[in-house]
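Trainee: Have a look; sequence and predicted model below, questions after that.
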Amino acid sequence: MPSSLQGVILPRQNDPVGRLDSYAGEDIAATRKGGVLKVVLLTVVSLLVTAALVLACLPNRLGFGPWAAEIVEGHYDVRNVLAECIGELSDEELVGQLFVVGIDGLDLGDATVERLAGLRPAGVILFARNIAGADQLRELTGSLQAEAAELSLPGLLIAVDQEGGRVRRLKDGFSAIPAMGGLPGRTDPAGAETVGEVIGRELAAVGCNWNLAPVVDVLTNPSNPGIGDRSFSGDPAVVSEYACAVARGILAVGVAVCAKHFPGKGEAAVDAHYDLPVIAVDREHLEIYEWPPFRALLTDGQWLKAAMVSHVVIPVLDPEKPASLSPAAYDALRGDIGFDGVAVTDDLEMGAIVKNYGLTEAAVMALGAGADLVLVCHTAARMTGARDAVLAALKEGGLERDSLRRHVLRVWLFKLALGLPLPGLADYDRAFTEACLYLGLDPVERKRLLENPPDVSVCGTAEHRALLDGALR
């Protein structure tokens, strides 16, 4: 890949004939009909190389790099279409799409409506304070999406931490998901996938489209206060196998996942919720222990996934800044791991940040370092302050508009594959299909899942209890 394209293109998958012919125009389809497979393959490669060279020479109107330049006649690229829409956003709208924020209460109260209207966020994250049962949660998520549509906002990412065990936001009225640390001793990977499917079905039934799980930290420090039984194991191979299995189950019902906490904090002796961990390991430790599970989960050919970047200082990467605020950490995620999907920070209201940085400063630093989304989970004033700081940095030149547009491009591809509406997007069905193909997804299956979500009545049912009992010894 030419170096000028790094950081702009999300890596495509390994089937160029099946997935890329729609990007090269109808002439490819005609060639395919008239020739043998070998000729078709050579033609596809030739056309793709030619298209890349042509695009690289075109004017770059929106600043995303050559692959977001003006559309070549006969060539459809969903990134270009999204880039056009993103280029029309006001600064306030652009900045809003970089935030996922918490809300208060069990229903769509005035404060939440005001927050959506004022911040125009990419999504919301829900906690126990927002959840009283399955029917209530389904009503809340539906109301949130309806209000977003009323405000002409893009559809909302609705995120929740449904890991299992002690980090389980959906409790009363939902299936009892065990801590992931117990899974390897109780089941095989097929059983772990069943556990993931139960999680995913219940999330989909109540309108939560993004699970901030699984934890892929390798528990190399058994006394780690912030991870403990949230980790599958102290063995990176076991973590890789079981995390991928759980993720497959969640993804199978159409809910996105998130690998956390990059660059890995299984060795930490301090909980980032309260203060800033410093992990003095060498790069060999990262390569042997911390990074294999991230590679396994994030680069397996299907990209309805994100990576959460943690508030932990690893001096071998950056001796001064936590990973969530460090360009070196995002470079490692993109380069060493090979993941060019959505990168989201852990909550900026954690003690690791607020005790050592101003939260508003941290929001600017995170986006400048390479985060696509920042999480601000609890305090309304901090959400507004962080948004205002990013907006000021954009207007004053501290953050580059083209860089923020690249972040939103990743987020919108993610949203589009989740079937979320994007106001101003022409020919939504075609864009949805191409976004799915681009992210390694089957658009027909994605559409089926979106049109036939599980009914809310599946939550906590005897059927799900039986599935869990059968999967777990």
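Mentor: That came through, no problem.

Trainee: just the helices in the stretch 201-350 of the chain please.
Mentor: For the stretch 201-350 of the chain, the helices defined by DSSP state H, counting those that start in this stretch cover 236-252, 283-285, 291-298, 327-331.

Trainee: low pLDDT regions in the protein?
Mentor: Of all residues in the chain, those with pLDDT under 70 make up the ranges 1-75.

Trainee: center of it - which residue?
Mentor: A306 (2.8 Å; Cα atoms, centre = their mean).

Trainee: and stretch 219-229, how far out from the chain's middle?
Mentor: Offset of stretch 219-229 from its chain centre (Cα atoms, centre = their mean, to the nearest Å): 24 Å.

Trainee: So for that stretch, what gets flagged as buried?
Mentor: Residues L219, T220, N221, N224, G226, I227, G228, D229 are the ones in stretch 219-229 that count as buried (16 or more other Cβ atoms under 10 Å). (Glycine included, C-beta is placed from N, CA and C.)

Trainee: isn't the last one right up against G181?
Mentor: Yes. Using Cβ atoms under 8 Å, D229 and G181 qualify as a contacting pair, with a distance of 3.3 Å.

Trainee: Overlap in contacts, those two.
Mentor: The contact sets of D229 and G181 overlap at G165 (Cβ atoms under 8 Å, 6 or more residues apart in numbering).

Trainee: how does this protein divide into domains?
Mentor: The chain resolves into domains spanning 3-76, 88-426+447-458 when parsed by automatic domain parsing.

Trainee: Would you reformat the ones you listed as TSV and include distance to E434?
Mentor: Putting these into TSV (distance: least, Cβ to Cβ, whole Å) gives the following:
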stretch	distance to E434
domain 3-76	6
domain 88-426+447-458	9
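
Trainee: tell me the SS of V101?
Mentor: Put simply, V101 is strand when judged by DSSP: H, G, I helix; E, B strand; the rest coil.

Trainee: what's the spacing between the nearest residue to L317 once chain neighbours are set aside and R283?
Mentor: Of all residues not flanking L317 in the chain, A328 sits nearest, at 4.7 Å (Cβ to Cβ, 6 or more residues apart in numbering). Noted for A328: a distance of 11 Å to R283, by Cβ to Cβ, to the nearest Å.

Trainee: Just give me the neighbour total for K447.
Mentor: By the measure other Cβ atoms under 10 Å, the count of residues near K447 is 16.

Trainee: And it, how close does it get to A417?
Mentor: Distance from K447 to A417, by Cβ to Cβ: 11 Å.

Trainee: thinking again about what came up before, neighbour count winner among A328 and R283?
Mentor: Using other Cβ under 10 Å as the criterion, A328 and R283 rank with A328 on top: 17 against 13.

Trainee: so the more buried one touches E320, yeah?
Mentor: No. With contacts counted by Cβ under 8 Å, A328 stays clear of E320, the gap being 10.0 Å.

Trainee: for I125, helix, strand, or coil?
Mentor: Per three-state DSSP, I125 ends up strand.

Trainee: Chain neighbours aside, what residue packs nearest to it?
Mentor: A159 (4.5 Å).

Trainee: Count the neighbours of that neighbour for me.
Mentor: A159: 27 neighbours (other Cβ under 10 Å).

Trainee: in what helix or strand does it lie?
Mentor: Using DSSP states H and E, A159 falls within strand 157-160.

Trainee: Quick check: can you name the pairing partners of the next helix or strand after that strand and their directions?
Mentor: Counting by DSSP H and E, the element after strand 157-160 in chain order, helix or strand, is strand 162-164. Here strand 162-164 is paired, per DSSP bridges, with strand 167-168 (antiparallel).

Trainee: Fine by me, thanks again.
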